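Asks: this one's structure only:
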């Protein structure tokens, strides 16, 4: 439980224009949009192995915790081309923490990361440095990455520091920090049960949050709390996990599912069927009391997701015959259909940047793939294709990456891709199926 609470604390700490109406005559079965591709200039980065500057020898995996973490993080972003170590000139360890820039320039490196450490007892002093090879100088990063730092001799703590360093490297090159240090909540099968887990974006840290032995589903984390649906009391009922404690949140007759906290706080949008068919309601974020019903159609309205400013909600409705993405104001007014292509669009997630909504759609081959729709224009772009079923997109807090599930290698696993679909990586490390991820915000 201490480990779980620590992960929750970390996650908490780190954590438009109206759409143009497209002609309904253009609607067709399945989405046949080409995969989106963009020309991207990648930065050539050299990352030699971390080495001991003195002290005791490395018997606790410090080198892997530093170099391995930095290399994995840089690779996951899709911004960097890591230079093969076989191409290095000279001995990176022999030159120490002050590089011979001509050696790195001659192999085409634009950037260079040096990592040194000194182990003394149960502590390690870590020194991480970023250099620009073209400019032959060290880049001054903000604290605590501006000099040596003393850390506990624990691989998880060392990895956390390396994640923070990579975030600042990304900020230097892109003007926006990385997402490492955040967490993704999801459902993972454990035997015959489906339990909630929290997973780091690199997949190396994974903590089980529930042990109900039953079916838990559709978690969403914001404001330090996780709202989720569970059948533990007969359900499907909504529960709230906060401070390591789980408490009932909404248990009306019928469906209680898909609770998502408003970016403004105070209320959650959720799907209830207490008055007949499934509709979207606003509930008090603390008590679960119904504050307002937002939709009222003959069809099924479900899967709410908030705009980043909390003024609008996107959702799924089949009121016109097939599940499509709709948007409305946060008070339920001005409900408009956003997608007109495809006959089965679902699981929307609104980008933190506000411009796009990622969603799952069944394409012309009866396979599920990922798409985005521009909120202002209605333009649809395809992100995945010919790689099994790809579903349940969730945006990173910076809006530049999407986590999702895919069956491309058999069982449903967790993947990460850039927002244009250009770079995709498997990140889940454990056994069992992973479903319904939601990036903590």
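Replies: That came through, no problem. Predicted model, so just to flag it, every value in this text is computed and none were measured.
Asks: in the lengthiest helix in the chain, what counts as buried?
Replies: Using DSSP state H, we find that the single longest helix of the chain is helix 155-174. Of the residues in helix 155-174, 155, 158-170, 173 count as buried by neighbour count, 16 or more other CB atoms under 10 Å. Glycine gets a C-beta too; all of them are placed from N, C-alpha and C.
Asks: repeat for stretch 88-106
Replies: Applying 16+ other CB under 10 Å to stretch 88-106 flags 92, 99, 101, 103-105 as buried.
Asks: which parts of the stretch 101-250 of the chain are helices?
Replies: Ranges of helices in the stretch 101-250 of the chain, per DSSP state H, counting those that start in this stretch, are 101-105, 155-174.
Asks: so who does residue 159 touch?
Replies: By CB atoms under 8 Å, 6 or more residues apart in numbering, the contact set of residue 159 is 65, 69, 204-205.
Asks: and the gap between it and residue 61?
Replies: 10 Å (CB to CB, to the nearest Å).
Asks: so what sits opposite the closest residue to residue 149 other than its chain neighbours in the bridge?
Replies: Nearest non-adjacent residue to residue 149, counting by CB to CB, 6 or more residues apart in numbering: residue 126, 5.4 Å away. Per DSSP bridges, the residues bridged to residue 126 are residue 117, residue 149.
Asks: and residue 126, how many neighbours does it have?
Replies: Neighbours of residue 126 under the rule other CB atoms under 10 Å: 25.
Asks: what's stretch 308-321 in contact with?
Replies: 16, 262-264, 269, 280, 294-295, 297-307, 323-330, 337-338, 345-348, 350-354, 357.
Asks: keep only those of those residues that are in helices.
Replies: Among the contacts of stretch 308-321, no member falls in helices (DSSP H).
Asks: in strands only, show me the residues you listed.
Replies: 269, 280, 301-306, 324-329, 337, 345-348, 350, 357 (DSSP state E).
Asks: among the residues you listed, which ones are buried?
Replies: Listed as buried from these are 269, 280, 301-306, 324-328, 337, 345-348, 350, 357; burial here means 16+ other CB under 10 Å.
Asks: what about residue 92, which SS state?
Replies: Under DSSP: H, G, I helix; E, B strand; the rest coil, the three-state class of residue 92 is coil.
Asks: does the closest residue to it other than its chain neighbours sit in a helix, a strand or a coil?
Replies: Nearest residue to residue 92, sequence neighbours excluded (CB to CB, 6+ apart): residue 48, at 3.6 Å. Assigned by three-state DSSP, the conformation of residue 48 is coil.
Asks: and residue 48, what are its phi and psi?
Replies: Dihedral pair for residue 48: phi -70, psi 160, per degrees, to the nearest 10.
Asks: just give the number of residues close to it.
Replies: Neighbours of residue 48 using other CB under 10 Å come to 19.
Asks: quick one, what contacts it?
Replies: 67, 85, 88, 92-93, 113-114.
Asks: got it, and residue 231?
Replies: 214-216, 237.
Asks: okay, now the unreliable bits of the protein?
Replies: Along the chain, the parts satisfying pLDDT under 70 run over 1-41.
Asks: try it again at 90.
Replies: 1-42, 54-60, 90, 233-235, 244, 276, 341-343, 363-366, 429-432, 441 (pLDDT under 90).
Asks: mind giving me the domain split of it?
Replies: Under the assignment automatic domain parsing, the domains of the chain span 43-174, 183-439.
Asks: most tightly surrounded among the ones you listed?
Replies: domain 183-439 (a mean of 20; mean count of other CB atoms under 10 Å).
Asks: please name the bridge partners of residue 438.
Replies: Bridge pairing for residue 438 - DSSP bridges - gives residue 185.
Asks: tell me how far it lies from residue 290.
Replies: 23 Å.
Asks: return the member of the contacts of residue 231 nearest to residue 81.
Replies: residue 216 (40.6 Å; CB to CB).
Asks: what's the spacing between the closest one and residue 385?
Replies: Distance from residue 216 to residue 385, by CB to CB: 31 Å.
Asks: now swap in residue 94 and tell me
Replies: 48 Å.
Asks: could you do residue 319 as well?
Replies: Residue 319 is 29 Å from residue 385, by CB to CB.
Asks: repeat that for residue 215.
Replies: 31 Å.
Asks: please apply the same query to residue 222.
Replies: 31 Å.
Asks: repeat that for residue 98.
Replies: 47 Å.
Asks: one more: residue 345?
Replies: Taking CB to CB, one finds residue 345 at 16 Å from residue 385.
Asks: can you check residue 142 too?
Replies: Relative to residue 385, and taking CB to CB, residue 142 is found at 40 Å.
Asks: same question, residue 326
Replies: Applying CB to CB to residue 326 and residue 385 gives a distance of 25 Å.
Asks: got it, and residue 156?
Replies: Counting by CB to CB - residue 156 and residue 385 are separated by 37 Å.
Asks: quick one: residue 209 and residue 199 touch, right?
Replies: No. Using CB atoms under 8 Å, residue 209 is not in contact with residue 199, being 10.5 Å away.
Asks: now list whatever residues contact both of those two.
Replies: Going by CB under 8 Å, 6+ apart, residues that sit against residue 209 and also against residue 199 are residue 185.
Asks: surely residue 284 and residue 267 touch.
Replies: Yes. The pair formed by residue 284 and residue 267 meets the contact definition of CB under 8 Å, at 6.4 Å.
Asks: reformat the buried residues of stretch 88-106 as TSV; add distance to residue 369.
Replies: Formatted as TSV, the buried residues of stretch 88-106 follow (distance: CB to CB, whole Å):
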residue	distance to residue 369
92	43
99	45
101	45
103	45
104	41
105	43
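Asks: out of these, who's nearest residue 398?
Replies: Closest to residue 398, out of all of the buried residues of stretch 88-106 and judged by CB to CB, is residue 104, at 29.0 Å.
Asks: start to end distance for stretch 274-286?
Replies: 20 Å (CA to CA, to the nearest Å).
Asks: cool, stretch 360-369 as well?
Replies: End to end - CA to CA - stretch 360-369 spans 6 Å.
Asks: anything in contact with each of residue 284 and residue 267?
Replies: With CB under 8 Å, 6+ apart, residue 284 and residue 267 have common neighbours residue 291.
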